[in-house]
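Colleague: mind looking at a prediction? Sequence and model below.
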Amino acid sequence: SQQGEEDPQALSIQEGENATMNCSYKTSINNLQWYRQNSGRGLVHLILIRSNEREKHSGRLRVTLDTSKKSSSLLITASRAADTASYFCATEGDSNYQLIWGAGTKLIIKP
Amino acid sequence: NAGVTQTPKFRVLKTGQSMTLLCAQDMNHEYMYWYRQDPGMGLRLIHYSVGEGTTAKGEVPDGYNVSRLKKQNFLLGLESAAPSQTSVYFCASSYRWREQYFGPGTRLTVT
């Protein structure tokens, strides 16, 4: 069963614009993580936000978490062609061992 | 420091054949995971291990077996391959409940 659901499923923007993608989940969580997957490659961890945090930044990435709405957003500012990838959210709930993954948002940055 | 490596990168099997996928990590991580990724879906956990000599079932364990005889290695076995097991398989490792590090994936086709 997939807990995280990303929205939109696909997003195409011009280079230099900001990209926002959202993740919703169903049950209480300990933390929420965002990962990037370039075509044909393994996933790369981007950022982890704990349930008691509301916002976190890492370079051009900004993640927010609203536990009352059970949702998170990932903002990529000043997008670059290299940001073209699929982005996944993953939530860690009661089990410390397992992450529950969403289906991902496919982001295309047009030059 | 190679991170997480997977062997082989590609494999084609006939229905009923068996094979073993090898995952190795050099980060001294305690936790290791095997996932499968199908088109349009997020990752689904097959089996995981929280330490040498221990394994546990994930979300989709049927048709797969695993072993963790050494801390750095996690093996995934298919005893009798079926077309439904055509997928991309990813191995990951982590230090407890922190971010997961992924291998490059194994693309398996069962005909």
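Modeller: Nice, I can see it. Numbering: from 1, shown residues only, chains lettered A, B, ... in the order given.
Colleague: quick one: residue B:93 and chain A, what's the gap?
Modeller: As defined by CB to the nearest CB, to the nearest Å, residue B:93 lies at a distance of 11 Å from chain A. No exception for glycine: its C-beta is placed from N, CA and C like everyone else's.
Colleague: who touches the host helix or strand of that residue?
Modeller: For residue B:93, the host element (DSSP states H and E) is strand B:87-94. With CB atoms under 8 Å, 6 or more residues apart in numbering or on different chains as the contact definition, strand B:87-94 has outside contacts at A:42-43, B:4, B:6, B:21, B:23, B:25, B:27, B:29-38, B:43, B:46, B:74, B:76, B:100-103, B:105-108.
Colleague: the residues you listed, buried ones only, as a ChimeraX selection?
Modeller: The buried subset of those, as determined by 16 or more other CB atoms under 10 Å in any protein chain shown, is captured in ChimeraX by this line:
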select /A:42,43 /B:4,6,21,23,25,29,31,32,33,34,35,36,37,43,46,74,76,100,101,102,103,105,106,108
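Colleague: list the neighbouring strands of the least confident helix or strand in chain A by mean pLDDT plus their orientation.
Modeller: The element with the least model confidence among the helices and strands of chain A, by mean pLDDT, DSSP states H and E, is strand A:5-7, at a mean of 83. Using DSSP bridges, strand A:5-7 pairs in its sheet with strand A:19-24 (antiparallel).
Colleague: chain A: helices as residue ranges?
Modeller: Taking DSSP state H, chain A contains no helices at all.
Colleague: near chain A, which residues of chain B?
Modeller: When proximity is defined as CB under 8 Å from any CB of the partner chain, chain B approaches chain A at B:4, B:31, B:40-45, B:48, B:50, B:56, B:58-59, B:90, B:92, B:96-105.
Colleague: count of residues packed around the closest residue to residue A:39 other than its chain neighbours?
Modeller: Using CB to CB, 6 or more residues apart in numbering or on different chains and skipping residues adjacent in sequence, the residue nearest residue A:39 is residue A:85, 7.4 Å away. Applying other CB atoms under 10 Å in any protein chain shown, we find 21 other residues in the vicinity of residue A:85.
Colleague: quick one: low-confidence parts of the chain?
Modeller: You didn't pick a chain, so chain A it is. Applying pLDDT under 70 to the predicted model, the residue ranges of chain A that meet it are A:1-4, A:94-97.
Colleague: actually, chain B is the one I wanted.
Modeller: Per-residue confidence of chain B (counting by pLDDT under 70) places the weak regions at B:97.
Colleague: could I get the full set of strands for chain A?
Modeller: According to DSSP state E, chain A carries its strands in the segments A:5-7, A:10-14, A:19-24, A:31-37, A:43-50, A:55-58, A:61-66, A:71-76, A:85-92, A:100-101, A:105-110.
Colleague: tell me the bridge partners for the spatially most central residue of chain B.
Modeller: For chain B, the residue nearest the mean C-alpha position is residue B:34 (3.1 Å; CA atoms, centre = their mean). Here residue B:34 sits in beta bridges with residue B:47, residue B:91, as judged by DSSP bridges.
Colleague: distance of it from residue A:104?
Modeller: Shown here: residue B:34 relative to residue A:104, a distance of 19 Å by CB to CB, to the nearest Å.
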